[in-house]
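What shape does this take:
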Amino acid sequence: MNELTLSVVIPAYNEEQNLPPTVHDLQVALQKEQIPYEIILVNDNSRDKTAEVIGFLMAQDHRIRTVNRLPPGGFGRAIRTGLEHVQGDCVVICMADSSDDPQDVVRYYRKLEEGYDCVFGSRFMDGAYVENYPRFKLIMNRIVNRCIQLMFLCPYNDLTNAFKAYRTEVIRSCSPFHACHFNLTIEMSLGALIRRYNITQIPIRWYGRKWGSSNLSLAKMGRRYLATLVRAFAERVLISDDLVAERLAHRTQREDRLKELEARIARLEDAQVLDSLQSLTSHREAA
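Numbers count the residues shown, from 1 in each chain. This is a model prediction of the structure:
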């Protein structure tokens with residue numbers, strides 16, 4: 001089996017303090033496991049020294065690349081830009097604030113090696129660990145994810161979490177993406193789900209950010225999540241119709257082939273009967 005090259009996409013907005021430890025810990029984990037990788041740091045219109053920090057990190061490791069975005073900003077736009085530049089066989093999206101555990105990136109990679117198309121991490125299943133999660137956000141998270149489970153009849157309970165792994169071919173198949181903000185997290189995961197890719201879910205560890213503040217606004221995200229869910233549900237219906245049409249087409253083709261085969265058999269049998277009659281006639285004439 002060919003070795004998979006991993007692309008890690010990290011969006012960064014004003015993350016000058018968080019990026020160095022985040023990238024360092026990720027490098028240590030991947031190098032220890034001898035996983036071939038590239039890290040794509042997407043500078044999303046940062047106003048601090050994020051660009052300078054990225055330049056320093058790139059000088060230390062040739063496998064680190066950067067993309068500098070122009071306005072308008074947005075988490076989803078940054079991720080979409082990063083995905084356009086991946087060169088690896090699989091992709092993991094990580095946060096720049098060290099909230100995601102690099103060891104879970106390794107575990108994602110191993111699951112992809114097993115043959116899965118996507119690996120979804122869950123902070124809310126047996127074996128998971130969560131630290132410093134704001135209580136109100138936690139309540140809203142559980143409500144939204146439960147609604148998604150019921151709406152799409154799926155077992156995955158943390159689809160709003162950006163920290164997931166995908167084979168690059170899955171990303172290409174689900175593109176283009178439309179979400180510009182944090183709602184991209186569910187657009188990507190639901191895109192893979194409704195296309196029936198082989199998905200597994202594993203428990204992960206999540207830690208609250210050490211420096212700075214989150215850019216997620218629950219008030220703004222509510223309507224954005226709703227719009228993305230409506231779009232995904234409509235896409236699910238259309239894809240289901242396409243699958244039914246495809247199966248009907250295959251059934252029709254199979255029936256046509258059977259009819260053709262039956263016709264050939266009938267012609268063959270007619271030819272054999274004709275040969276038998278001709279042979280019998282020849283014997284009678286000879287007698």
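
all helices of the stretch 151-287 of the chain, in order?
In the stretch 151-287 of the chain, the segments counted as helices under DSSP state H, counting those that start in this stretch are 168-174, 184-194, 218-286.

Need the mean per-residue confidence for the last one.
Along helix 218-286, the predicted confidence averages to a pLDDT of 69.

Check the second one too.
Confidence over helix 184-194 (mean pLDDT, whole number) is 96.

what residues does that helix touch?
75-76, 79-80, 117-118, 120, 148, 152, 154, 156, 159-162, 164, 166, 170-171, 174, 177-179, 199, 225, 228-229, 231-232, 235-236, 239 (CB atoms under 8 Å, 6 or more residues apart in numbering). Any C-beta I mention is one placed from the backbone N, CA and C, and that applies to glycine too.

Please apply the same query to the first one.
Residues from elsewhere that reach helix 168-174, judged by CB under 8 Å, 6+ apart: 7, 83, 86, 88-91, 117-118, 188, 191-192, 195, 197.

switch to 6 Å and redo it
Defining contact as CB atoms under 6 Å, 6 or more residues apart in numbering, one finds that helix 168-174 is touched by 83, 89, 91, 117, 191-192, 197.

With distance to residue 204 as added columns, please give those in a markdown table.
Below are these laid out as a markdown table (distance: CB to CB, whole Å):
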| residue | distance to residue 204 |
| --- | --- |
| 83 | 21 |
| 89 | 21 |
| 91 | 16 |
| 117 | 18 |
| 191 | 21 |
| 192 | 17 |
| 197 | 19 |
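
Of those, which is the nearest to residue 108?
residue 91 (9.9 Å; CB to CB).

The closest one belongs to a strand, doesn't it?
Yes: Residue 91 sits within a strand when classified using DSSP: H, G, I helix; E, B strand; the rest coil.

got the contact list for it?
Neighbouring residues of residue 91 by CB under 6 Å, 6+ apart: 7, 166, 168, 171.

Retrieve the pLDDT associated with the residue nearest to the spatial centre of the chain.
A centroid search over the chain (CA atoms, centre = their mean) returns residue 166, at 4.0 Å, as the residue closest to the centre. Per-residue pLDDT puts residue 166 at 99.

how about the contacts of residue 91 in JSON lines, adding distance to residue 34?
Below are those laid out as JSON lines (distance: CB to CB, whole Å):
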{"residue": "7", "distance to residue 34": "17"}
{"residue": "166", "distance to residue 34": "22"}
{"residue": "168", "distance to residue 34": "20"}
{"residue": "171", "distance to residue 34": "24"}
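
Compare these and tell me which is most surrounded.
For these, the largest number of neighbours (other CB atoms under 10 Å) sits with residue 166, at 30 neighbours.

Please tell me I have it right and that one contacts residue 116.
No: contact criterion CB atoms under 6 Å: residue 166 and residue 116 do not qualify, at 9.8 Å.

quick one: low-confidence ranges for the stretch 1-150 of the chain?
In the predicted model of the stretch 1-150 of the chain, residues 1 satisfy pLDDT under 70.

Now do the helices in it.
Going by DSSP H, counting those that start in this stretch, the stretch 1-150 of the chain shows helices at 19-32, 50-60, 75-84, 102-113, 135-152.

Compare those and give me the one nearest residue 220.
Residue 220 lies closest to helix 75-84 among these, at 11.4 Å (CB to CB).

In terms of secondary structure, what does the closest one contact?
Applying 3 or more CB pairs under 6 Å, 6 or more residues apart in numbering; DSSP states H and E, one finds that helix 75-84 contacts strand 6-12, strand 37-44.

in it, what counts as buried?
In terms of neighbour count (16 or more other CB atoms under 10 Å), helix 75-84 has its buried residues at 75-83.

Need the helices of the stretch 1-150 of the chain in JSON lines (columns: distance to residue 66).
Formatted as JSON lines, the helices of the stretch 1-150 of the chain follow (distance: least, CB to CB, whole Å):
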{"stretch": "helix 19-32", "distance to residue 66": "11"}
{"stretch": "helix 50-60", "distance to residue 66": "5"}
{"stretch": "helix 75-84", "distance to residue 66": "10"}
{"stretch": "helix 102-113", "distance to residue 66": "19"}
{"stretch": "helix 135-152", "distance to residue 66": "30"}
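
between those helices, which gets nearest to residue 221?
Residue 221 sits nearest to helix 135-152 of all the helices of the stretch 1-150 of the chain, at 9.1 Å, using CB to CB.
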